[in-house]
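everything below, folded, please.
(4 chains)
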There are 2 protein chains.
Amino acid sequence: MVNVFLDYLKDKFPITEEELEKFSQVCTVKKLRRRQYLLQEGDVWNKNAFVSKGVLRTYRVDEKGTEHIIQFSIENWWAGDRQSYHTGLPSTFNIEALEDAEIVLIPKTDFDRLQIEIPKFGEFTRALLERSFIASQNRIHASISYSAEEKYADFIKAYPDITNRIPQHMIASYLGISPETLSRIRNQIAKK
Amino acid sequence: MVNVFLDYLKDKFPITEEELEKFSQVCTVKKLRRRQYLLQEGDVWNKNAFVSKGVLRTYRVDEKGTEHIIQFSIENWWAGDRQSYHTGLPSTFNIEALEDAEIVLIPKTDFDRLQIEIPKFGEFTRALLERSFIASQNRIHASISYSAEEKYADFIKAYPDITNRIPQHMIASYLGISPETLSRIRNQIAKK
DNA sequence: CGATTCTTTGAAAACAGTCAATCTGTGTGG
DNA sequence: CCACACAGATTGACTGTTTTCAAAGAATCG
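Numbering: from 1, shown residues only, chains lettered A, B, ... in the order given. Next up, the predicted model:
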């Protein structure tokens, strides 16, 4: 629902009714059933997507056919492919709904225009980007520093709300470990 | 030298002489000898640092005392700790010169002000942030998808200029593999 | 309920890490 | 200019972790 998105905006920075109206005018809602795709490899990504309901995964497939999950997106988060968005080149990612989902879409031209017309919004998206970058730096640190067990402990601590909404083997994929290893790690933790 | 920085700005976006002058006024140059620190864990980072000469490494130390390199910065790149910069909290990183280096420093207050006063500069730093984020997403992908050998191949392809300016064991640290493993990988590659 | 997806378990193999010793190159001080 | 110290790289033997493959069990969706 668009309302979820408008409430989100109100919560994040001071915004007038007229400005909210501007957003309403450019938003469309896309409903996705479980296993439907928001984006498929090869398509160009030229919009912004706000998740108002459900869970999405963003992943790549390597030459051997193995999937590697780059990101999960749940309610009140964004999804998309920044690379394709900025270069206009075909995406190398897939974005799939893991539950029935509702997505608020804003076309690139409108989104970029609103960031200028509504300076507070521009500042907000920038702050969002800053935080995303910091988070990804921390994920890199975890990835090069931690053992498989530490990575999992770190994940469930950072994203407890995601943990129990997605299949285990997808957490493994996100952490870069095999599903069997994750199963064994959980087994060990349970024994303690 | 500050000139390297001013040339960099001229190269990156249209800028007037008066605007360049504004930058000159707030820049200071810091010279670092090999093994000197630009930032040490526990200090607050409240400036922006442009590398005009030399190589820096940004790293963290874990409980076992092992160092993990998050980033290398060479000429025409930036260094710093975004997390401490935005939160005002003590840094968890160390930034050390690997060669004698020259760093152009701009205090946070001036930097943030110039981004508003000179809109093209604000846009530029945002674009920079976008690209940094995309790069870190790709590093995450490499980290969870590739074998040690593939990670190394990926690194020397992406950063050939860094590869031969820093000790091998630091590349290993950046990739999250042991120095011995990297040595063996290189040995194998050489045989082929 | 039937089919599919997900998780678990076992055994073997591959991979990467650790420890210790040696080798190499570089630079510094006497 | 040499000798020595030091940092870095390599090598070997061993250990430990993680992956792979295969099969069986559990859970869930339609």
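
what parts of chain A come near chain B?
Counting by Cβ under 8 Å from any Cβ of the partner chain, the residues of chain A lying close to chain B are A:60, A:62, A:66, A:68, A:70, A:82-83, A:86, A:126, A:129-130, A:132-134, A:136-137, A:139-141, A:143-145, A:173-176. Any C-beta I mention is one placed from the backbone N, CA and C, and that applies to glycine too.

just the buried members of those residues?
Under a neighbour-count criterion of 16 or more other Cβ atoms under 10 Å in any protein chain shown, the subset of the residues of chain A next to chain B counted as buried comprises A:60, A:68, A:70, A:82-83, A:126, A:129-130, A:132-134, A:136-137, A:139-141, A:143-145, A:173-176.

okay, and which of the residues you listed map to helices?
Among these, the members found in helices (DSSP state H) are A:82-83, A:126, A:129-130, A:132-134, A:136-137, A:139-141, A:143-145, A:173-175.

quick one, grab the pLDDT at the residue nearest to the spatial centre of chain A.
Central residue of chain A (Cα atoms, centre = their mean): A:S73, 3.2 Å from the mean position. With respect to pLDDT, A:S73 has a value of 97.

same check, this time on A:S145
A:S145 is assigned a predicted lDDT (pLDDT) of 96.

pretty sure it sits against B:L175.
No. Between A:S145 and B:L175 there is no contact under Cβ atoms under 8 Å: 11.7 Å.

just to revisit the earlier point, quick check: which of the buried ones among the residues of chain A next to chain B are also close to DNA strand D?
Contacts with DNA strand D within those, counted by Cβ under 7 Å from any atom of the strand: A:G176.

for the closest residue to DNA strand D within chain A, give me its contacts.
Of chain A, the residue with the smallest distance to DNA strand D, taken as Cβ to the nearest atom of the strand, is A:T181 at 3.1 Å. A:T181 makes contact with A:148, A:172, according to Cβ atoms under 8 Å, 6 or more residues apart in numbering or on different chains.

C-alpha coordinates for the host helix or strand of it, CSV please?
Secondary structure here is read from DSSP states H and E; on that basis A:T181 sits in helix A:179-191. Once side chains and other backbone atoms are set aside, the C-alpha atoms of helix A:179-191 remain, and they are given as CSV (Å, rounded to 0.1, in the frame of the first residue of the first chain):
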residue,chain,number,x,y,z
PRO,A,179,23.8,-25.1,3.7
GLU,A,180,25.2,-28.2,5.2
THR,A,181,27.8,-26.3,7.2
LEU,A,182,25.1,-23.9,8.5
SER,A,183,23.0,-26.9,9.6
ARG,A,184,26.0,-28.3,11.5
ILE,A,185,26.8,-25.0,13.1
ARG,A,186,23.2,-24.7,14.4
ASN,A,187,23.4,-28.3,15.7
GLN,A,188,26.6,-27.4,17.6
ILE,A,189,25.1,-24.2,19.0
ALA,A,190,22.0,-26.1,20.2
LYS,A,191,24.1,-28.6,22.1
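
does any part of it sit near DNA strand C?
Yes. Using Cβ under 7 Å from any atom of the strand as the criterion, contacts between helix A:179-191 and DNA strand C involve A:179-180, A:182-184, A:186-187.

now swap in stretch A:99-119 and tell me
No. Counting by Cβ under 7 Å from any atom of the strand, no contacts exist between stretch A:99-119 and DNA strand C, the nearest distance being 11.2 Å.

so what's A:A142 closest to, chain neighbours aside?
Beyond its immediate neighbours in the sequence, the residue positioned closest to A:A142 (Cβ to Cβ, 6 or more residues apart in numbering or on different chains) is A:D154, lying 5.3 Å away.

where do the helices sit along chain A?
Counting by DSSP H, the helices of chain A are A:2-12, A:17-26, A:82-87, A:108-117, A:119-145, A:148-158, A:160-163, A:168-175, A:179-191.

give the buried residues for the shortest one.
Judged by neighbour count using 16+ other Cβ under 10 Å, the buried positions of helix A:160-163 are A:I162.

then the last one?
Of the residues in helix A:179-191, those buried by neighbour count under the rule 16+ other Cβ under 10 Å are A:182, A:185.

how far does that helix sit from the chain's center?
Taking the mean C-alpha point of helix A:179-191 and that of its whole chain, the gap between them comes to 26 Å (Cα atoms, centre = their mean, to the nearest Å).

run the angle between it and helix A:168-175 for me.
Using axes from the mean of the first three to the mean of the last three Cα atoms, to 10 degrees, the interaxial angle of helix A:179-191 with respect to helix A:168-175 works out to 110 degrees.

can you check the first one too?
Taking the same axes, to 10 degrees, one finds that helix A:2-12 is oriented at 40 degrees with respect to helix A:168-175.
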